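Visitor: Whatever this is, show me its structure:
(2 chains)
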2 protein chains.
Amino acid sequence: MWLLTIILLTNILMATSKIYDSPAYFRNILIEKELKMMVGHSIELYDNELEANEIIMDLKRKEIDYGFWNPKYYNLSKHFFEYKDLVKDTKLYKILKSMPKGAVLHGHDTAMLGPDYVLKLTYCNDLWICFKEDQSDVSFIFSKNHPTGRCETKWERTKDIRRTMNVTEFDAKLRQFFTLVIDNPEEVYTDVNTVWEYFSKYFARTEPLFTYKPVWEKYYYDTLLALREDNVMYFEIRSVLPPLYDLEGNIYDSVDTAKSYRRVTDKFKKDYPDFFGAKLIYAPVRSVTRETLKNYIKIAKEIHELMPDFLAGFDLVGQEDLGRPLKDFYPEIANIGLNLYFHAGETNWYGTSTDENLFDAVLLGTKRIGHAYALVKHPLLMEEVKQRKIALEVNVISNVVLKLVDDVRNHPLATYLSQDLPVVLSSDDPGAWEAEILTHDFYVAFVGVSSRHADLKMLKQLALNSLYYSSYSEKDKLVHEFQIRWMNFIDSIVKDQ
Amino acid sequence: MWLLTIILLTNILMATSKIYDSPAYFRNILIEKELKMMVGHSIELYDNELEANEIIMDLKRKEIDYGFWNPKYYNLSKHFFEYKDLVKDTKLYKILKSMPKGAVLHGHDTAMLGPDYVLKLTYCNDLWICFKEDQSDVSFIFSKNHPTGRCETKWERTKDIRRTMNVTEFDAKLRQFFTLVIDNPEEVYTDVNTVWEYFSKYFARTEPLFTYKPVWEKYYYDTLLALREDNVMYFEIRSVLPPLYDLEGNIYDSVDTAKSYRRVTDKFKKDYPDFFGAKLIYAPVRSVTRETLKNYIKIAKEIHELMPDFLAGFDLVGQEDLGRPLKDFYPEIANIGLNLYFHAGETNWYGTSTDENLFDAVLLGTKRIGHAYALVKHPLLMEEVKQRKIALEVNVISNVVLKLVDDVRNHPLATYLSQDLPVVLSSDDPGAWEAEILTHDFYVAFVGVSSRHADLKMLKQLALNSLYYSSYSEKDKLVHEFQIRWMNFIDSIVKDQ
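Guide: Predicted structure coming up:
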């Protein structure tokens, strides 16, 4: 197909005399031809879809054209924190919110829900808090009695503190510990390592809060609720599977944590039969020794044995640049016998070991690639992921917040979309930067990254991709239900205009 | 070749059992295979070149690895103004400075030399200056007598002003009008239109200073000197060919300006027979009516007739987003009968008319594309420029200063290099941002953009590309001389180690 296209174009161009007869004619042919190489090219729109497309494209073009003429005021080139709330009021955002978006295939356990949600958790009974001397950080622990863990100041029950303080001020201060959002990200988050330091602190700080078993299960249940609310029908959650604890002094290991997930998933599906459930990708941290990795793999296999239908597969997480490269783990991973969903190429250090994790991920037979930000610099691998249908889990907003790119118009997703690479959009850790669970990412990709011409066909294909490339076992069912919801969505746009 | 590569990789990967036997082996094959698709892949290094390569690569890897571990201190991700002077002290920069770099194929008439040079011009006799009331701008004019042109304050001879003032302070103030360099570019140059406004003012402000015939000819002569000094051997200058004037009240039209260029080129070649000369690309501004364009084309044809060996061809300049798209000028340009060297795709507005100038440039048969920044989003055109050997004149630093990209590691040049697209490096308007005439661009492309593995082969190919894709008539001679200089350069590196 690709080759044919080239030959055709070359033929057209060689017949130069013809070009000059009617250049506008050939111009349109060429542009159309390229649009037909884009994500969504094989989708046909009918009746109401065509009408809905006009409505959506009017809104999209208006936003882009305003930016084109007034780049100073074009929000999507700025930092996400500057516009995240503003865009929620636009009609286009609301449409994308109501759009069935398929599945979230790349989301991390404890960063799915935002700081307001986490703040509410601090109202739970039996929660203790400890401030650092300089108030720069906090620790939490659930406990019946006064905690014995180390504390620079003193452990207090959050309930007791709130009695003695201005609650609004206290909560505002606490909330700040549960988000990366700040007023001056460019000044504070100067580079990739610095922002990851803050990001890692978020995880470390909230861990004892989240790993209290009742909270863990509630957090996950409410994540599923938020996904459903954002018109997502299926989820693959990456989790480090930390040990959980309860007030009785019990400690639950990683396998138990996986069981928790499974149980909550089942309960949620019972409560909301219109949700298609979730699977687990066990994704412990990557900056470990080979011995530790072996232990992780042992755990993964145990979970796989216990619930082969729930465990989708294995991955490693944490800052790729500072973690160990996949090549260090070849001997352990090569014969793992589990599906792999590796993070790879979440970097802009071209030609380094992080960048070359992309080769390793592909060689190790990864089913999808998390981020694949650097793939655009690897022509061989770009063709390979296309041929072998290795999906790219692209997280545009994450890449902005975590300092890979400042202006989303320079995000490599534009190139991936232009070549119909197997892209799925996801949101990585939306709670940590106060993004909606998926809609913000769709909005930014659609308005800020994709071509001004990219339309409803692309949106539909991206949603469908997230289903095709999922590990859900009965995809026909999933797609069938998606099509029904899609038509309802289309009808509602047309009716609401 | 490409197809073969893919098939081979797929075969390797399908034999999965083998992979697990020796993954490191296949890893290296794949990475090597991709490196063999890169700019420079067909070059072989011998003897001293291999030794020189080791020296260069040690320096390059040291810089990249330091950045990888200390991204906060990695200069090339910051704004060019922050590191432009710092890098000059590095050993690698000095090597690149001494490297024969071939040709500059994309440079604009009055922005090749920096503010110190321009400041010196203001010491010329008969130069008058007029400050705006609020001192925010200046106008110049050369004149025997008191100028009659409009002035908010009053016209004074620069010579007279200097007598009455602190010259150091006055010169420092004046110098600021001749550069885009400021301390806080991120705050002042907020977006592409804003920075272009400042940039346009530079051209408007300096025009009457430069278009004084003796200055014009001296500026051009000294540009050639600067190129030679930076180890460039041939130049294609884009000029708007403004009318020149002298103290006797004569006005010289665009054709005369072209003649001036021709005369000075000849003189320079006589003075420095080791320089291979220059050609002219007539490049008037693009934001004009079709009538005006017709007149430009008339002028171009007249120059072509007068000096067919000196006029390389035609282009249009000015901010692409705000100027008219090429498609508006199809009827005028389609049968122009001149070589075309169009700016196109100097934008990150994907799917807009600016972005699609790329289609028009290719359809109109452009020989090279100026910038082609947006090409990475156009798979059909990327393949086409490769097949048809349409060179891409990439200007990385320009794209940073003029607000297309903040971090050079996200510049699409990385992708163009990875696929061996026909790239030439150039510097656009180095004087306006105080870059060296070409070395800074080579430095940034080599250390900041290209793969950590890209080496002397790439550097040599880039220099050779600038000769191959030039319109110099006797390329064999050019390349032959280049090879001699190259070997001297290599010997000097090895000797100096």
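
Visitor: in the stretch 51-200 of chain A, which spans are strands?
Guide: Counting by DSSP state E, counting those that start in this stretch, the stretch 51-200 of chain A has these strands, from start to end: A:103-108, A:127-131, A:138-142, A:156-157.

Visitor: how about a markdown table for those, with distance to chain B and mean neighbour count added?
Guide: For the C-beta atoms, the positions are set from N, CA and C on the backbone; glycine is no exception. Compiled in a markdown table, these are given as follows (distance: least, C-beta to the nearest C-beta, whole Å; neighbours: other C-beta atoms under 10 Å in any protein chain shown):
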| stretch | distance to chain B | mean neighbour count |
| --- | --- | --- |
| strand A:103-108 | 21 | 28 |
| strand A:127-131 | 28 | 20 |
| strand A:138-142 | 26 | 21 |
| strand A:156-157 | 36 | 16 |
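
Visitor: Now tabulate those strands in a markdown table and tack on mean pLDDT.
Guide: As requested, those are arranged in a markdown table below (pLDDT from 0 to 100):
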| stretch | mean pLDDT |
| --- | --- |
| strand A:103-108 | 98 |
| strand A:127-131 | 97 |
| strand A:138-142 | 97 |
| strand A:156-157 | 97 |
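
Visitor: Of these, which is nearest residue B:350?
Guide: Between residue B:350 and the strands of the stretch 51-200 of chain A, the tightest spacing by C-beta to C-beta is seen for strand A:103-108, at 23.6 Å.

Visitor: Quantify the burial of residue A:255 by counting its neighbouring residues.
Guide: One way to gauge burial is a neighbour count; for residue A:255, by other C-beta atoms under 10 Å in any protein chain shown, it gives 18.

Visitor: before we move on, back to that, which stretch among the strands of the stretch 51-200 of chain A comes nearest residue B:429?
Guide: Between residue B:429 and the strands of the stretch 51-200 of chain A, the tightest spacing by C-beta to C-beta is seen for strand A:103-108, at 42.2 Å.

Visitor: Just the residues contacting the closest one, thanks.
Guide: With C-beta atoms under 8 Å, 6 or more residues apart in numbering or on different chains as the contact definition, strand A:103-108 has outside contacts at A:223, A:227, A:232-239, A:283, A:317, A:368, A:370, A:391, A:393, A:395, A:424, A:426-430, A:437-438, A:466-467, A:469-470, A:472.

Visitor: and if we set it to 7 Å?
Guide: The set of residues that contact strand A:103-108 without belonging to it, under C-beta atoms under 7 Å, 6 or more residues apart in numbering or on different chains, is A:227, A:232-238, A:317, A:368, A:370, A:393, A:395, A:424, A:426-429, A:438, A:466-467, A:469-470.

Visitor: Run through the residues that contact residue A:326.
Guide: In this structure, residue A:326 makes contact with A:342, A:357, A:360-361, A:364, judged by C-beta under 7 Å, 6+ apart.

Visitor: Greatest separation within those: which pair is it?
Guide: A:357 and A:364 (9.9 Å).

Visitor: In terms of neighbours, single out the busier of these two.
Guide: When residue A:357 and residue A:364 are compared on other C-beta under 10 Å, the one with more neighbours turns out to be residue A:357, at 30 against 23.

Visitor: Which of the three states applies to the more buried one?
Guide: Assigned by DSSP: H, G, I helix; E, B strand; the rest coil, the conformation of residue A:357 is helix.

Visitor: Now it: closest residue in space, sequence neighbours ignored.
Guide: If you skip the residues right next to it in sequence, residue A:357 has residue A:344 as its closest partner in space, 4.1 Å away by C-beta to C-beta, 6 or more residues apart in numbering or on different chains.

Visitor: next one: the helix or strand containing residue A:205 to chain centre, how far?
Guide: Using DSSP states H and E, residue A:205 falls within helix A:192-210. In terms of C-alpha atoms, centre = their mean, to the nearest Å, the centre of helix A:192-210 is set 17 Å apart from its chain centre.

Visitor: swap in stretch A:242-250?
Guide: Chain-centre distance of stretch A:242-250: 29 Å, with C-alpha atoms, centre = their mean.

Visitor: For it, what does the pLDDT average out to?
Guide: What stretch A:242-250 shows for mean pLDDT is 97.

Visitor: Spell out which parts of the stretch 301-450 of chain A neighbour chain B.
Guide: Within the stretch 301-450 of chain A, the residues that sit near chain B (C-beta under 7 Å from any C-beta of the partner chain) are A:321, A:327, A:330, A:334-335, A:348-352, A:356, A:359-360, A:363, A:365, A:376-380, A:383-384, A:387, A:405-407, A:409-410, A:414-415, A:418-419.

Visitor: try it again with 6 Å
Guide: A:330, A:334-335, A:348-352, A:359, A:363, A:376-377, A:379-380, A:383-384, A:405-406, A:409-410, A:414-415, A:418-419 (C-beta under 6 Å from any C-beta of the partner chain).

Visitor: which of these are buried?
Guide: Among these, those that count as buried by neighbour count (16 or more other C-beta atoms under 10 Å in any protein chain shown) are A:330, A:334, A:348-352, A:359, A:363, A:376-377, A:379-380, A:383-384, A:405-406, A:409-410, A:414-415, A:418-419.
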